[in-house]
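Asker: Below are the sequence and a predicted model; questions follow.
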Amino acid sequence: MSGDPVFRVIIVEDQPLFRSMLSDVVRAEDGFTLMGAAESVADARRLIASAHADVLLLDVELPDGNGFALARSVRMERPGIGVVLLSGHNVMELLLSVPDGERAGWSYLSKFSSTSRATLVRALRASARGGSMLDPELLASVQPRRGSALASLTPRQFHALKLLAEGLSNAAIAREMSISTHSVDNLLNAVYTTLGVRDDGELNSRVAAALHLVRDGAISRDAV
């Protein structure tokens, strides 16, 4: 759409076919510019140093190092850059090691879930804008741990939280739940209060609430 920002993307993926597929998605999508694709940590460092990007799309497991560690080091120099992690394993808990004040802009998708083109694009947009998104298929298997703050949420509040964690806007959540945006606002405000994640200048309520699903959620061991 005219006037909307164009997000610059760098891809870091060692598998040639998958790297090519990801590159094709970014090139074909309005609102994105592919700045380059790297196959290793070393190549990625050179590319990131020479080409400014708004968001990184990178594999966690790389032949010469760890994509998560690479992203952490890049974010130390460029705090505003978004990160979408890809992995063949469930590594959502990696996000919990990121300090509270640095969690905005991190997303995670599993390579082996039924991730669609639209889901990938939504994750890139969410991270580029400083939001967060977790893999929808993995979220489907999450249930509150007994005695956790999540267990205090009503079923409707928990449903709204899962949709938020999938990167949906309040308007999209309203459509999915067939309720008004005002009702979504009320549901999410109740979620933030129950989880104790009100914005305080350091904490992003939406990101912090989504990560409660990782911290306090029981995820099926069969999920990838």
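Answerer: Looks like it came in fine. Residues are numbered from 1 along each chain as shown.
Asker: Give me the helices and strands touching the top helix by length along the chain, please.
Answerer: In terms of residue count, the longest helix belonging to the chain (DSSP state H) is helix 181-195. On a contact count with 3 or more Cβ pairs under 8 Å, 6 or more residues apart in numbering; DSSP states H and E, helix 181-195 meets helix 155-165, helix 170-177, helix 205-215. Quick note: C-beta positions are derived from backbone N, CA and C, even for glycine.
Asker: Only the buried residues of the first one, if you could.
Answerer: If you call a residue buried by 16 or more other Cβ atoms under 10 Å, then helix 155-165 has these buried ones: 157-158, 160-165.
Asker: Show me how far the longest helix of the chain is from its chain's centre.
Answerer: 21 Å (Cα atoms, centre = their mean, to the nearest Å).
Asker: With stretch 162-178 instead?
Answerer: How far stretch 162-178 lies from its chain's middle: 15 Å, per Cα atoms, centre = their mean.
Asker: Equivalent analysis for stretch 133-147, please.
Answerer: 14 Å.
Asker: Domain-wise, how is this structure divided?
Answerer: 7-134, 143-218 (automatic domain parsing).
Asker: ok, now which residue in the protein is the farthest from the centroid?
Answerer: Distance from the centre of the chain peaks at Gly147, with 26.3 Å (Cα atoms, centre = their mean).
Asker: quick one: it from Asp216, how far?
Answerer: 9 Å (Cβ to Cβ, to the nearest Å).
Asker: Next, the residue most central in space within the chain: secondary structure please.
Answerer: Residue closest to the average C-alpha location in the chain (Cα atoms, centre = their mean): Ser107, at 1.6 Å. With DSSP: H, G, I helix; E, B strand; the rest coil as the basis, the three-state label of Ser107 is strand.
Asker: Please determine how far it is located from Pro136.
Answerer: For Ser107, the distance to Pro136 (Cβ to Cβ) stands at 11 Å.
Asker: Give me the below-cutoff pLDDT ranges for this protein.
Answerer: Counting by pLDDT under 70, the chain shows low-confidence ranges at 1-3, 114-115, 199-203, 218-224.
Asker: Kind regards, and thank you for your time.
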